[in-house]
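Chemist: predicted model and sequence below, questions to follow.
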Amino acid sequence: MIENIENLRDEGEVLLIDKPLRWTSFDVTKKLKYAGKFKKIGHAGTLDPLATGLLILCTGKKTKQIDSYQAQEKEYTGKMVLGKTTPSIDLETDFDAEYPTEHISAEVLAKAQKSLSGAFLQTPPIYSAIQVNGKRLYELARKGKTDEDVIIKQREVQITDFEIDSSNFPEISFRIVCSKGTYVRSLVRDFGKLCDSGAYMSELRRTRIGEFSVNDALTIEQFIERKLNENI
């Protein structure tokens with residue numbers, strides 16, 4: 001019986017987890033590795049600590065499929081607020097500037113939305129794990145460097161769907177469907193600039209990766225309870 005369990009663990013499985021707020025993707029991976037007694041586990045597609053939603057984890061031999069899951073399109077919902085900025089473009093850091101919003105009309109919003117749809121070049125945020133000259137960008141950011149001090153290579157991204165709801169202006173609710181490598185925080189930063197203002201992201205939730213939906217995901221507590229029941 002023990003041998004059969006070990007064989008199943010080696011074969012691996014694909015886990016869908018609803019990542020809670022303020023947990024890092026590494027925190028989730030570490031917690032599940034301990035709870036499931038997995039020898040090998042990894043996640044496909046990092047979520048920022050202040051983001052929630054779908055995190056795909058692979059165990060055992062299934063970890064070989066991680067790259068294929070990371071390459072699939074992703075869907076997010078969230079909120080951004082116009083008129084203020086933070087260095088991290090979310091609420092991980094304090095506000096550093098304020099901008100006017102009185103001039104922003106429905107036409108201005110629609111033009112910014114259109115400009116950030118389809119294929120275009122995007123500059124990743126300096127608060128990211130991308131390496132430049134052997135250093136993680138977030139390490140440079142925490143030393144006081146800004147995106148004006150560091151040359152960050154642009155990457156082509158594809159936004160296949162971008163919906164906005166400005167009924168609570170200056171808060172803008174949004175839904176996007178995007179390609180691998182898209183930084184939603186960069187999208188928010190650029191949206192603010194296109195409106196001749198500034199913006200920060202106040203909320204983000206990943207709802208889908210390829211055909212996998214967050215509606216089918218387990219919370220960490222549900223996963224642990226399931227594992228406990230399996231061992232009874």
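Modeler: Now that the structure is in, tell me what you want to look at.

Chemist: distance from the chain centre to the helix or strand hosting Phe120, please.
Modeler: Under the criterion of DSSP states H and E, Phe120 resides in strand 118-122. For strand 118-122, the separation from the chain centroid amounts to 18 Å (computed by C-alpha atoms, centre = their mean, to the nearest Å).

Chemist: give the pairing partners of that strand; include direction for each.
Modeler: With DSSP bridges as the test, strand 118-122 is paired with strand 155-168 (antiparallel).

Chemist: now do the buried residues in the partner strand.
Modeler: Of the residues in strand 155-168, those with enough neighbours to count as buried (16 or more other C-beta atoms under 10 Å) are Arg155, Val157, Gln158, Ile159, Phe162, Ile164, Ser166. Where you see a C-beta, it was placed from the backbone N, CA and C, and this is true even at glycine.

Chemist: center of this structure - which residue?
Modeler: The residue at the geometric middle of the chain, judged as the C-alpha nearest the mean C-alpha position with C-alpha atoms, centre = their mean, is Leu47 (3.9 Å).

Chemist: for the buried residues of strand 155-168, work out which two are farthest apart.
Modeler: Arg155 and Ser166 (28.1 Å; C-beta to C-beta).

Chemist: excluding chain neighbours, what is closest to Leu57?
Modeler: Nearest residue to Leu57 in three dimensions, chain neighbours excluded: Leu15, at 4.3 Å (C-beta to C-beta, 6 or more residues apart in numbering).

Chemist: helix or strand for that neighbour, which one?
Modeler: With elements taken from DSSP H and E, the one containing Leu15 is strand 14-19.

Chemist: what separates that strand from the chain centre, distance-wise?
Modeler: Averaged C-alpha coordinates place strand 14-19 at 14 Å from its chain's average position (C-alpha atoms, centre = their mean).

Chemist: next secondary structure after that strand?
Modeler: Read in the C-terminal direction, the helix or strand following strand 14-19 is helix 25-36, with elements assigned using DSSP H and E.

Chemist: does the nearest residue to Leu50 once chain neighbours are set aside belong to a helix or a strand, and which?
Modeler: Closest residue in space to Leu50, ignoring its immediate chain neighbours: Asp90 at 5.3 Å, by C-beta to C-beta, 6+ apart. Here Asp90 sits in a region with no helix or strand, counting by DSSP H and E.

Chemist: Asp90 reaches Tyr183, doesn't it?
Modeler: No - contact status for Asp90 versus Tyr183: not in contact, 10.9 Å apart, counting by C-beta atoms under 8 Å.

Chemist: does Lys61 sit in a helix, a strand or a coil?
Modeler: Judged by DSSP: H, G, I helix; E, B strand; the rest coil, the three-state class of Lys61 is helix.

Chemist: quick check: it vs Ile41, distance?
Modeler: Note on Lys61: its distance to Ile41, by C-beta to C-beta, to the nearest Å, is 12 Å.

Chemist: compare those two (neighbour count), which wins?
Modeler: Using other C-beta atoms under 10 Å as the criterion, Lys61 and Ile41 rank with Ile41 on top: 21 against 13.
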